[in-house]
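Trainee: For reference, the sequence and a predicted model appear below.
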There are 2 protein chains.
Amino acid sequence: MASPPIPIQSETCPAHCRQCRLRKTDAFSPVTDGELEFIYQLRKGVIQVEAGRDIISEQKSTDKIYTLYAGWAFRYKTLSDGRRQIINFLLPGDLVGLQEKFADGATSGVQAATDAVLCAFPQDGLWELFRNHPSLGYDVTWLAAREENMLDENLLTTGRRNATERVAMLLLHLFRRAKRVSLIQDGEIDFPFSQQHIADALGLSLVHTNKTLRRLHRMGLHEIRDGRLRLLNPKALQEIADYYDKPARQVPLL
Amino acid sequence: MASPPIPIQSETCPAHCRQCRLRKTDAFSPVTDGELEFIYQLRKGVIQVEAGRDIISEQKSTDKIYTLYAGWAFRYKTLSDGRRQIINFLLPGDLVGLQEKFADGATSGVQAATDAVLCAFPQDGLWELFRNHPSLGYDVTWLAAREENMLDENLLTTGRRNATERVAMLLLHLFRRAKRVSLIQDGEIDFPFSQQHIADALGLSLVHTNKTLRRLHRMGLHEIRDGRLRLLNPKALQEIADYYDKPARQVPLL
DNA sequence: CGGTAGATTGAGAGTCCTCAAGCTCTGTGG
DNA sequence: CCACAGAGCTTGAGGACTCTCAATCTACCG
């Protein structure tokens, strides 16, 4: 189904990280010129991946780490009979492939949900980064811990929330994250996921996901149309999910 | 239910990290004398926590990071109506509280499952660590990524494995981890968990957990007695869980 | 010897799953 | 311009897995 990424000369990512579109938003913590230059030197290319293709294969190991520059992606694992669990969704600014680097043999795949653009860094440059720029190393840990926090929440969701609560949770969570990186327009965010994606992220079947989604929609809580999501009653969703937003902070960007 | 930790002058942890019992095993990667001295200087005490008490509260924030020195613990989150999800189990050598440091407001509690001994480090010493000893910073990231890998697997478990597979998975996983840090004797490991713990870790009800556990036991796959676990047929468990051990590696120890 | 925590078992209910079919929309080819 | 195929969404029905309720049993403790 999913094939290896196709490296393409991309025009969507500027030549130098100084012009990086992401850094111009206030979503990411500023870095010094020296750090930025180091990041730029460390970067070993930009790749573009079509929607539905694997950025990192669940089977093979990579020698690269990526920062997602544009698009949506998700990390997943599958059982040998094909059951798939989406571990987490990835948005611009997220680090991709850090787990793989330290994987104790365990593996997860990363797939592009939309056409995506990523900045590639050599895995073995990571040590250099820690040594030369401890603050960037600190940032990497920051990002790892932050992702872990999201996984904590996902575990609580799949383990202890029922179907309705799970769906409410997912809508809130993705909306909030997209908003943080300015992927919001007219109160809507891009929502390029199929119901199968949602089901796989929540540990539900496709059919039950559909029925739950319908119910929330009939209740006037949300609307998904033309690949865009709008929350019509975030408050009610929060109460259903028992999940309340914390103010968004700036996060590091590699 | 769970109260704050009681700092006690402990005799179980030697005066200097040089004598650390854990470091004498081959489970952890060696560090230089300088690093060890730094770790020792950074350490701000040893605390002892009774079984069932919180090491880190789910509500309040800490200013400490710990390394679990002896005993079992677990990290958990709860919904406001009391439903609890155990995120991960913690064994000697595991870092405790790193998530909290970087928590974007999100919180999880850590509770001692047995009487436990922990080495405490000030949270704000972390930056110092990254700056003065990048290799230790690298290690911290290593540990964070490794825990994330475990969470990935847990998510796959709660999301996509059925009750039987989940229980098989948990038994294998805990057994393997305990074995790695030499908590094994005569082919058995300490298993201080109630069925409620198992249920909360797997996202199952207590009753169903019991029935599933019984079934596996009747099939002759495992035995839990007097707080100890023995795997009678690891191969069968592996096939049920669709989970196959990777060779254990040395991991960093802070 | 009562009291409590944890384990065990049965029974009935409910959530969620699988199977199956129909629908909408889009892109392709005749 | 329409037929057709494919992907994704929707809905109904029956069944399976898991949950809740409730009671019993054991071990341990003061």
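Mentor: All right, it came through fine.
Trainee: can we go C-alpha only for contacts and neighbour counts from here?
Mentor: OK.
Trainee: and chain A, which residues reach DNA strand C?
Mentor: Proximity of chain A to DNA strand C is confined to A:161, A:162, A:163, A:164, A:203, A:204, A:205, A:206, A:207, A:208, A:209 under the rule CA under 7 Å from any atom of the strand.
Trainee: Tell me how many other residues crowd the residue in the stretch 1-150 of chain A that DNA strand D sits nearest to.
Mentor: Closest residue of the stretch 1-150 of chain A to DNA strand D, CA to the nearest atom of the strand: residue A:52 (8.5 Å). Other residues near residue A:52 come to 16 when the count uses other CA atoms under 10 Å in any protein chain shown.
Trainee: which is the next helix or strand following the helix or strand containing residue A:126?
Mentor: Element membership of residue A:126, judged by DSSP states H and E, is helix A:125-132. The helix or strand immediately downstream of helix A:125-132 is helix A:134-160, counting by DSSP H and E.
Trainee: is that following helix up against chain B anywhere?
Mentor: Yes. On the criterion CA under 8 Å from any CA of the partner chain, helix A:134-160 is in touch with chain B at A:134-135, A:137-138, A:140-142, A:144-146, A:148-149, A:151-152, A:154-156, A:158-160.
Trainee: so what secondary structure elements neighbour that helix?
Mentor: Applying 3 or more CA pairs under 8 Å, 6 or more residues apart in numbering or on different chains; DSSP states H and E, one finds that helix A:134-160 contacts strand A:84-90, helix A:125-132, helix A:163-180, strand B:73-78, strand B:84-90, helix B:98-102, helix B:125-132, helix B:134-160.
Trainee: Does the fourth one reach DNA strand D?
Mentor: In other words, strand B:73-78. No. Strand B:73-78 is not in contact with DNA strand D by CA under 7 Å from any atom of the strand; minimum separation 13.9 Å.
Trainee: packing partners for that strand?
Mentor: Contacts defined by 3+ CA pairs under 8 Å, 6+ apart place strand B:73-78 against helix A:134-160, strand B:84-90, strand B:109-112.
Trainee: who does the next helix-or-strand element following the second one pair up with?
Mentor: In other words, strand B:84-90. On the C-terminal side of strand B:84-90, the nearest following helix or strand under DSSP H and E is strand B:95-96. Applying DSSP bridges, strand B:95-96 is found paired with strand B:64-70 (antiparallel).
Trainee: mind checking how far the strand it pairs with is from the chain centre?
Mentor: Put simply, strand B:64-70 sits 10 Å off its chain's centre (CA atoms, centre = their mean, to the nearest Å).
Trainee: Send over that strand as CSV, restricted to the C-alpha atoms.
Mentor: Taking Å, rounded to 0.1, in the frame of the first residue of the first chain, the C-alpha atoms of strand B:64-70 are listed here in CSV:
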residue,chain,number,x,y,z
LYS,B,64,12.2,17.2,41.0
ILE,B,65,13.2,14.4,38.7
TYR,B,66,13.9,11.0,40.0
THR,B,67,15.7,7.9,39.1
LEU,B,68,13.9,4.8,40.5
TYR,B,69,16.6,2.9,42.4
ALA,B,70,14.6,0.1,43.9
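Trainee: Can you name the residues of the stretch 51-200 of chain A that neighbour chain B?
Mentor: Residues of the stretch 51-200 of chain A lying near chain B (CA under 8 Å from any CA): A:77-80, A:83-85, A:87, A:98-99, A:102-108, A:127, A:130-131, A:134-135, A:137-138, A:140-142, A:144-146, A:148-149, A:151-152, A:154-156, A:158-160.
Trainee: Residue A:182 falls within a helix, correct?
Mentor: No. Assessed with DSSP: H, G, I helix; E, B strand; the rest coil, residue A:182 is coil; it does not lie in a helix.
Trainee: Could you report the neighbour count for it?
Mentor: There are 15 residues near residue A:182, going by other CA under 10 Å.
Trainee: so what's it up against?
Mentor: residue A:25 (CA atoms under 8 Å, 6 or more residues apart in numbering or on different chains).
Trainee: pLDDT wise, what is it at?
Mentor: If you check residue A:182, the pLDDT there is 84.
Trainee: Could you do residue A:10 as well?
Mentor: Per-residue pLDDT puts residue A:10 at 44.
Trainee: Return the helix or strand in chain A with minimum mean pLDDT.
Mentor: Sorted by mean pLDDT, DSSP states H and E, the helices and strands of chain A end with helix A:98-102, the least confident at a mean of 85.
Trainee: For the buried ones among the residues of chain A next to DNA strand C, write the corresponding PyMOL selection.
Mentor: Filtering these down to the buried ones (16 or more other CA atoms under 10 Å in any protein chain shown) takes a single PyMOL command:
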select buried, chain A and resi 161+163+164+203+204+206+209
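Trainee: can you redo the residues of chain A next to DNA strand C as a markdown table with pLDDT?
Mentor: Output for those, formatted as a markdown table (pLDDT from 0 to 100):
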| residue | pLDDT |
| --- | --- |
| A:161 | 98 |
| A:162 | 98 |
| A:163 | 98 |
| A:164 | 98 |
| A:203 | 98 |
| A:204 | 98 |
| A:205 | 98 |
| A:206 | 98 |
| A:207 | 98 |
| A:208 | 98 |
| A:209 | 98 |
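Trainee: restrict the residues of chain A next to DNA strand C to those near DNA strand D?
Mentor: A:206, A:207, A:208.
Trainee: touching chain B at all, the helix or strand the second one falls within?
Mentor: With elements delineated by DSSP H and E, residue A:207 resides in helix A:206-218, which encompasses its position. No. For helix A:206-218 and chain B, the contact criterion (CA under 8 Å from any CA) is not met; the two come no nearer than 12.8 Å.
Trainee: Now do that helix: which elements does it pack against?
Mentor: Contacts defined by 3+ CA pairs under 8 Å, 6+ apart place helix A:206-218 against helix A:163-180, helix A:195-202.
Trainee: Relative to residue B:168, which of those is closest?
Mentor: Residue B:168 lies closest to helix A:195-202 among the helices and strands packed on helix A:206-218, at 21.5 Å (CA to CA).
Trainee: wait, what's in contact with residue A:254?
Mentor: Each residue near residue A:254 by CA under 8 Å, 6+ apart is listed here: A:39, A:67, A:93, A:95, A:136, A:139, A:140.
Trainee: Same list, those residues, but as TSV with distance to residue A:180, neighbour count and pLDDT please.
Mentor: Conversion of the contacts of residue A:254 to TSV gives the following (distance: CA to CA, whole Å; neighbours: other CA atoms under 10 Å in any protein chain shown; pLDDT from 0 to 100):
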residue	distance to residue A:180	neighbour count	pLDDT
A:39	23	19	96
A:67	17	23	97
A:93	11	23	96
A:95	16	23	96
A:136	21	23	97
A:139	18	19	96
A:140	19	23	96
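Trainee: Next one: residue A:17 from residue A:176, what distance?
Mentor: Applying CA to CA, to the nearest Å, the value for residue A:17 to residue A:176 is 26 Å.
Trainee: what number of residues lie near the nearest residue to residue A:122 once chain neighbours are set aside?
Mentor: Distances taken as CA to CA, 6 or more residues apart in numbering or on different chains place residue A:64 nearest to residue A:122, at 4.7 Å, with adjacent residues excluded. For residue A:64, the count of nearby residues is 20 (other CA under 10 Å).
Trainee: pretty sure residue A:64 is touching residue A:123, no?
Mentor: Yes. With contact defined as CA atoms under 8 Å, residue A:64 and residue A:123 form a contacting pair (4.8 Å).
Trainee: if we take the residues of chain A next to DNA strand C, which one ends up nearest to chain B?
Mentor: residue A:203 (4.1 Å; CA to the nearest CA).
Trainee: So the closest one sits against residue B:157, correct?
Mentor: No. Look at residue A:203 against residue B:157 with CA under 8 Å: they stay out of range, at 9.5 Å.
Trainee: Any chance you could list residues touching both of those two?
Mentor: Listed as contacting both residue A:203 and residue B:157 by CA under 8 Å, 6+ apart is no residue at all.
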